[in-house]
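[1] Turn this into a model:
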Amino acid sequence: KPMFRTAFKKHRCLIPASGFYEWTGGKGDKVPHLFTAGDGSPVLAFAGLWDHWTDPESGDDVLSATIIVSGASEWMTPFHDRMPVLLTPDDFDGWLSGELGPEVLKPAAESALREWGVSKRVNRTGDGDEDPTLFDAVESEAA
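    So this is what the prediction gives:
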């Protein structure tokens, strides 16, 4: 998109994450699914862009970033129609330098991620936000 043209050329970044969530199910009965690295490693690396700009209303300097998404892989389709672009360590330098282009902005291989249903409490704020059991696998009906 035109608004990201300059950032794509000059302001690329890696956005580390331990995982991400998608929800399935009907209104009022959404089930959260946690996606993490397929090999069990603790960190995923999303392709990202960053920019620095001035808010025209307040005059404040703003540093912002965005995660690049692609269409979903066949494996991801039951959960969502898009997914973050995952980069492998072999791609990091080429992505950051600009040597790699749009060809890397594709769905991740099926083996890149693993998934499990987690507690519906992940969608609530308040007490228990730091509870490590939020990441434990649960049966759908018990979520």
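
[2] can you pull out the helices in the protein?
    5-10, 89-97 (DSSP state H).

[3] remind me which residues of this protein are low pLDDT?
    For the chain, the stretches flagged by pLDDT under 70 are 127, 140-143.

[4] quick one, strands of it?
    Assigned by DSSP state E, the chain shows strands spanning 12-17, 20-24, 31-37, 44-54, 61-67, 69-71, 82-84, 113-117.

[5] of the ones you listed, which approaches residue 104 most closely?
    In terms of C-beta to C-beta, the element of those nearest to residue 104 is strand 44-54, at 6.9 Å. Placement of C-beta: from N, CA and C, glycine included.

[6] That closest one packs against which elements?
    Secondary-structure packing of strand 44-54 (3 or more C-beta pairs under 8 Å, 6 or more residues apart in numbering; DSSP states H and E): helix 5-10, strand 12-17, strand 61-67, strand 82-84, helix 89-97.

[7] tell me which residues of it are tucked away?
    Of all the residues in strand 44-54, those buried under the rule 16 or more other C-beta atoms under 10 Å are 44-49.

[8] Farthest-apart pair in those, please.
    44 and 49 (16.8 Å).

[9] Pretty sure residue 121 sits against residue 130.
    No - applying C-beta atoms under 8 Å as the test, residue 121 and residue 130 come out as separate, 11.6 Å apart.

[10] the more surrounded of the two?
    residue 121 (17 against 6; other C-beta atoms under 10 Å).

[11] Just give the closest residue to the spatially most central residue of the chain, not the sequence neighbours.
    Against the mean C-alpha coordinate of the chain, by C-alpha atoms, centre = their mean, the closest residue is residue 84 at 4.5 Å. Nearest residue to residue 84 in three dimensions, chain neighbours excluded: residue 46, at 4.5 Å (C-beta to C-beta, 6 or more residues apart in numbering).

[12] Show me what that neighbour bridges to in the sheet.
    Beta-bridge pairing of residue 46 under DSSP bridges involves residue 15, residue 86.

[13] mind listing what it touches?
    Contact partners of residue 46, counting by C-beta atoms under 8 Å, 6 or more residues apart in numbering, are 14-17, 67-68, 84-87.
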